[in-house]
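In: coordinates only, sequence not included:
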């Protein structure tokens, strides 16, 4: 299957597709350091190093020539920060959200059979237009339709449907597909001239543990130093534990102002567990609220361990500084998850259907039908 890749990053999704026999006709990436990573590993891959908003179907036809007529699929993971539940969400009102809409319009203009979109869980609930919480309440006008939960995804689905595509999506935990990491992502598949594509089916009954994934690494580890406020306390924390394992008289000192905040705060002074998959890899493993410390050593997970936990090959070169390497890997699609997507679509295209089995994540009712009912679509 021939495909075009957008927001290609460190080529995690692309590697998974290529492992399954897909062929990338071209990629698109704007970040200079990430472009170095792409060229270091795939020097012959045609790449458009430009903002996607400057790319049109006509330009693609000019740059790809006759290959542009052979595109079976468009794939991409548009920037997720606009929808992330970890930060301030602005939905499609955010400039990055507008990039998402341009990606959808571009894909429709190219008119492949399949469009595959990977994004964060927050996409399911993000509004089209964000109203700050400080401007909500009885003294303010009711939320408009564009400000309602799910408005961003509603606009995306409407665009695909208006162009003749059927849309299916669901939330998936990548640890159920052989990735040694609990990473929850929405995968949306739009199909032209056909019904909705069935949902992916988990490939693994039991998750791969961190011990299985990284214990045999024999290399010089590259990592960012821990923060000075973390160093005195981590020796008191064992594998799979966090700040709650500290002696009571140290807990308040260790957390500072966060001690009085709400929530479980499970990421503070957290060591990952040898006998479980990793928590979601973030773009900086030393952040106080999402620390990803090694199970035993006094350091965060290394760049090399990040590669393993994202199922990248050990010999895949990640360019840039240590911080830039973490960022590229933390933003990547796990390679094995990309492979699962590719094999699922190949089987579907070949007329092979499988009965749904195990749950795809810890959440229920995350597919397009349950979502439509919950947001009144």
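Out: Structure received. Everything numeric in this text was worked out from a predicted model, so none of it was measured. Numbering: from 1, shown residues only.

In: show me where the chain has helices.
Out: 12-19, 32-41, 57-64, 95-110, 151-162, 210-214, 248-255, 303-309, 322-331, 335-349, 368-375 (DSSP state H).

In: average pLDDT across the third one?
Out: Okay, so that is helix 57-64. Regarding helix 57-64, the rounded mean pLDDT is 89.

In: got the angle for it vs helix 95-110?
Out: 70 degrees (axes from the mean of the first three to the mean of the last three C-alpha atoms, to 10 degrees).

In: Buried residues, helix 57-64. List them.
Out: 60, 64 (16 or more other C-beta atoms under 10 Å). Just so you know, the C-beta spots here come from the backbone N, C-alpha and C atoms, and that holds for glycine as well.

In: now the fourth one
Out: Of the residues in helix 95-110, those buried under the neighbour-count criterion (16+ other C-beta under 10 Å) are 97, 99-104, 106-108, 110.

In: Specify which member of these is nearest to residue 136.
Out: Closest approach to residue 136 among those (C-beta to C-beta): residue 97, at 19.8 Å.

In: Can you check what pLDDT the model gives that closest one?
Out: 52.

In: do the one 4 residues further on as well
Out: Looking at residue 101, its pLDDT reads 91.

In: I'd guessed it sits against residue 155; true?
Out: Yes. Here residue 101 reaches residue 155: they are 7.2 Å apart, a contact under C-beta atoms under 8 Å.

In: pLDDT weak spots in the protein?
Out: Residues of the chain meeting the criterion pLDDT under 70: 80-97.

In: Tell me how many other residues surround residue 355.
Out: 6 (other C-beta atoms under 10 Å).

In: err, residue 367, not the other one
Out: 16.

In: For the nearest residue to it once chain neighbours are set aside, give the beta-bridge partners.
Out: Leaving aside its chain neighbours, residue 367 sits nearest to residue 170 (4.4 Å; criterion: C-beta to C-beta, 6 or more residues apart in numbering). Taking DSSP bridges as the rule, residue 170 bridges to residue 187.

In: Check whether residue 170 really touches residue 198, as I assumed.
Out: No. Assessed by C-beta under 8 Å, residue 170 is found out of contact with residue 198, at 9.9 Å.

In: In terms of neighbours, single out the busier of the two.
Out: Between residue 170 and residue 198, counted using other C-beta under 10 Å, residue 170 has the larger neighbour count: 22 against 16.

In: Distance check, that one against residue 28.
Out: From residue 170 across to residue 28, the span is 26 Å (C-beta to C-beta, to the nearest Å).

In: Please apply the same query to residue 365.
Out: In terms of C-beta to C-beta, residue 365 sits 34 Å off from residue 28.

In: number of nearby residues for residue 9?
Out: For residue 9, using other C-beta under 10 Å, the count is 23.

In: One more: residue 66?
Out: What residue 66 shows, counting by other C-beta under 10 Å, is a neighbour count of 7.

In: When residue 365 and residue 28 are compared, which one has more neighbours?
Out: Comparing residue 365 with residue 28 by other C-beta under 10 Å, the one with more neighbours is residue 28, at 21 against 11.

In: Just the strands from the stretch 151-300 of the chain, written as ranges.
Out: Ranges of strands within the stretch 151-300 of the chain are 165-173, 184-192, based on DSSP state E, counting those that start in this stretch.

In: likewise the stretch 1-150 of the chain?
Out: Going by DSSP E, counting those that start in this stretch, the stretch 1-150 of the chain shows strands at 2-6, 23-28, 47-48, 73-76, 114-120.

In: Out of those strands, which is closest to residue 351?
Out: strand 114-120 (15.2 Å).

In: which other helices and strands contact the closest one?
Out: strand 73-76, helix 95-110, strand 184-192, helix 335-349 (3 or more C-beta pairs under 8 Å, 6 or more residues apart in numbering; DSSP states H and E).

In: Is it possible to get TSV of those that adds distance to residue 267?
Out: Below are these laid out as TSV (distance: least, C-beta to C-beta, whole Å):
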stretch	distance to residue 267
strand 73-76	28
helix 95-110	24
strand 184-192	15
helix 335-349	22
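
In: wait, which of those is closest to residue 217?
Out: helix 335-349 (16.7 Å).

In: If we go by neighbour counts, what in the closest one is buried?
Out: Buried, per 16+ other C-beta under 10 Å, within helix 335-349: 335-345, 348-349.

In: try stretch 231-247
Out: Applying 16+ other C-beta under 10 Å to stretch 231-247 flags 233-234, 237, 239, 241-243, 246 as buried.

In: I'd like to know how many residues surround residue 154.
Out: For residue 154, using other C-beta under 10 Å, the count is 20.

In: residues contacting the closest residue to it other than its chain neighbours?
Out: Nearest residue to residue 154, sequence neighbours excluded (C-beta to C-beta, 6+ apart): residue 377, at 5.5 Å. By C-beta atoms under 8 Å, 6 or more residues apart in numbering, the residues touching residue 377 are 150, 154, 157, 371.

In: ditto for residue 324
Out: Residue 324 touches residue 33, counting by C-beta under 8 Å, 6+ apart.

In: Could you save the strands of the stretch 151-300 of the chain as TSV and add columns showing distance to residue 303?
Out: TSV is the format used below for the strands of the stretch 151-300 of the chain (distance: least, C-beta to C-beta, whole Å):
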stretch	distance to residue 303
strand 165-173	24
strand 184-192	22
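
In: Out of these, flag the one nearest residue 44.
Out: When the strands of the stretch 151-300 of the chain are compared (using C-beta to C-beta), the closest one is strand 184-192, at 28.2 Å.

In: what angle separates the closest one from helix 368-375?
Out: 110 degrees.

In: same for strand 184-192, what does it pack against?
Out: strand 114-120, strand 165-173, helix 335-349.
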